[in-house]
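A.B. asks: Sequence plus predicted model, see below.
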Amino acid sequence: MLAEYYAATSYSFLDHVSQLIRHGDFFSWSLYKTALTKLFVNRRYEREGDIHVWPDDYVVWDKILEIVCGQCVLVRDEDYLFYRPKGGVALYERFRARCSDMKFVVARKQPV
């Protein structure tokens, strides 16, 4: 189900280049620094920060919740589908109740 959503909302190479030009990133040093870093230093490098999208680099949420819940009160634990603009709201609404690709957890530290 998630693969179907990704297929319907993915951008082609030309779409990516067009967006980079439109937003001015195509002419920025940051883009080329990222490309060179990915090419020669670390193919997993991302400008966005610490994301876990590689098969051997993932978050074990059950273990994290086990540790956190020993010291905190779990306020909210939710899986959700990240909105991808290319698909539009109608497509997102069709998929959001059936699959997810993100998670957030809110916990409150217990008073000592």
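C.D. replies: All right, it came through fine. Note that the structure is predicted; figures quoted are calculated from it, not measured. Residues are numbered from 1 along each chain as shown.
A.B. asks: Now do the same contact list for Asp15.
C.D. replies: Lys86 (CB atoms under 8 Å, 6 or more residues apart in numbering). Glycine gets a C-beta too; all of them are placed from N, C-alpha and C.
A.B. asks: What ranges in the protein fall below the confidence cut-off?
C.D. replies: The model of the chain has pLDDT under 70 over residues 50, 52.
A.B. asks: What ranges does it have for its helices?
C.D. replies: Remark: helices assigned in the chain by DSSP state H are 2-9, 13-23, 29-36, 61-69, 88-95.
A.B. asks: And these: which comes nearest Asp101?
C.D. replies: helix 2-9 (6.0 Å; CB to CB).
A.B. asks: Now the closest one: buried residues?
C.D. replies: Residues of helix 2-9 classed as buried by neighbour count (16 or more other CB atoms under 10 Å): 5, 9.
A.B. asks: now it and helix 88-95, what's the angle there?
C.D. replies: 170 degrees (axes from the mean of the first three to the mean of the last three CA atoms, to 10 degrees).
A.B. asks: Show me what helix 2-9 is packed against.
C.D. replies: helix 88-95 (3 or more CB pairs under 8 Å, 6 or more residues apart in numbering; DSSP states H and E).
A.B. asks: Let's see that with 6 Å instead.
C.D. replies: Helices and strands touching helix 2-9, as assessed by 3 or more CB pairs under 6 Å, 6 or more residues apart in numbering; DSSP states H and E, are absent.
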